[in-house]
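Enquirer: Quick one, what's the 3D model for this:
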Amino acid sequence: MQYNVQIIQLDVLEYKAYNPTTTKDDYSGKVNVRVKALIETDKKTISIIVNIDMLLNIAEDLRLSSVGTVNIVNTFLLADDDWTKYIIYEGDKPFIDKELDNFLVNISYHNSRGLLRERGKNDLFGKIILPLMVPQDIERTTT
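Expert: Here you go, the predicted model:
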């Protein structure tokens with residue numbers, strides 16, 4: 001499916017990186033990824049906010065500790081014809097068609113992977129490679 005959409009904003013909203021108190025040659029851990037969609041009907045834009053929390057095993061007891069949080073916004077502009085096709089209203093509340101949602105989340109997540117890699121050159125985030133994920137496996141949130 002092809003959409004008439006263009007990205008109009010790509011920004012880091014929050015970047016908090018905490019370097020661990022102990023250094024190791026390699027780390028194991030977990031990445032929590034969540035996305036939230038914000039629909040602005042008057043502007044015909046959809047913003048996908050990607051939230052990434054990184055947890056690493058940095059202690060001997062293998063407890064996971066936070067090494068940072070990143071929030072990245074990707075804002076998309078939809079053409080009028082796509083807006084009427086792919087934005088569904090339930091009462092006054094707009095919702096994104098599932099296929100378009102997956103398409104925008106996929107772009108947003110992969111943009112975030114690259115941005116995080118570039119931005120994290122001087123801290124631990126730059127050493128973490130986010131896994132490849134399909135958009136259907138990324139948690140959606142409304143908060």
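
Enquirer: And the helix ranked longest in the chain, what's buried?
Expert: Assignment by DSSP state H gives helix 98-119 as the longest helix of the chain. Neighbour-count burial for helix 98-119, counted by 16 or more other CB atoms under 10 Å, picks out 100-101, 103-113, 115-116, 119. Every C-beta, even on glycine, is put in place using the N, C-alpha and C of the backbone.

Enquirer: tell me the SS of the residue nearest the centre of the chain?
Expert: Central residue of the chain (CA atoms, centre = their mean): Val50, 2.1 Å from the mean position. What DSSP: H, G, I helix; E, B strand; the rest coil gives for Val50 is strand.

Enquirer: So which elements touch the least confident helix or strand in the chain by mean pLDDT?
Expert: Of all helical and strand segments in the chain, the minimum by mean pLDDT, DSSP states H and E falls on helix 80-86, at a mean of 89. Counting contacts by 3 or more CB pairs under 8 Å, 6 or more residues apart in numbering; DSSP states H and E, helix 80-86 packs against helix 98-119.

Enquirer: what does the helix it packs on rub up against?
Expert: Here helix 98-119 makes contact (CB atoms under 8 Å, 6 or more residues apart in numbering) with 1, 3, 5, 7, 10, 12, 15, 33, 35, 37, 46, 48, 50, 52, 70, 72, 74, 76, 82, 86, 96, 125-126, 128-130, 133-136, 138, 140.

Enquirer: tell me the phi and psi of the closest residue to Ile88 other than its chain neighbours?
Expert: Excluding the flanking residues, the one nearest Ile88 by CB to CB, 6 or more residues apart in numbering is Phe95, at 4.9 Å. Main-chain torsions, Phe95, degrees, to the nearest 10: phi -130, psi 150.

Enquirer: What is the neighbour count of Phe95?
Expert: Residues near Phe95, counting by other CB atoms under 10 Å, number 13.

Enquirer: Next: Ile88.
Expert: Residues near Ile88, counting by other CB under 10 Å: 11.

Enquirer: mind checking the SS state of it?
Expert: Going by three-state DSSP, the secondary structure assigned to Ile88 is strand.

Enquirer: Same question for Leu62.
Expert: coil.

Enquirer: how near is it to Val50?
Expert: Distance of Leu62 to Val50, computed by CB to CB, to the nearest Å: 28 Å.
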